[in-house]
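Undergrad: Fold the following and give me the result.
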Amino acid sequence: MNLVLSKHLRPDMEQLYRIEELATNGWFMIEKTHRQLTKEQAKKIIDSLINEGYNPNLLRAVPEPPDVSNS
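TA: Numbers count the residues shown, from 1 in each chain. Take a look at the predicted model:
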């Protein structure tokens with residue numbers, strides 16, 4: 001699993017991720033709670049999903065866009 005950090009973050013902001021699964025209708029979040037995750041949290045959840053039987057080739061961690069409302 002390769003998680004890429006956004007180059008548009010301020011140094012004091014940690015990149016957050018959401019987890020998606022590829023289905024016939026495209027990429028979607030499996031659970032609404034699989035968002036606003038740190039890199040470590042995303043990896044743990046993906047590992048857990050794989051252990052539950054999800055295909056690792058159909059899972060991804062996607063960077064969340066930065067929250068610009070607090071800027």
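
Undergrad: Name the residues of whichever strand in the chain runs longest that come out as buried.
TA: Under DSSP state E, the strand in the chain containing the largest number of residues is strand 17-23. For strand 17-23, the neighbour count (16 or more other CB atoms under 10 Å) marks 17-21 as buried. (C-beta placed from N, C-alpha, C; glycine too.)

Undergrad: Stretch 54-64 too?
TA: 59-61, 63.

Undergrad: tell me how far the ends of it are from each other?
TA: 22 Å (CA to CA, to the nearest Å).

Undergrad: need the helices for this protein, in chain order.
TA: 39-52 (DSSP state H).

Undergrad: what residue ranges in it score low on pLDDT?
TA: Low-confidence segments of the chain (pLDDT under 70): 1-12, 67-71.

Undergrad: and if we set it to 90?
TA: Across the chain, the ranges flagged by pLDDT under 90 are 1-14, 65-71.

Undergrad: returning to what we had before: need the buried residues of strand 17-23 in TSV (columns: distance to residue 42).
TA: Formatted as TSV, the buried residues of strand 17-23 follow (distance: CB to CB, whole Å):
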residue	distance to residue 42
17	4
18	8
19	6
20	11
21	13
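
Undergrad: Check those and tell me the two furthest apart.
TA: 17 and 21 (13.8 Å; CB to CB).

Undergrad: gap between the residue nearest to residue 56 when sequence neighbours are not counted and residue 26?
TA: Residue nearest to residue 56 in three dimensions, not counting chain neighbours: residue 50, with 5.0 Å by CB to CB, 6 or more residues apart in numbering. For residue 50, the distance to residue 26 (CB to CB, to the nearest Å) stands at 21 Å.

Undergrad: Right, I'll leave it there.
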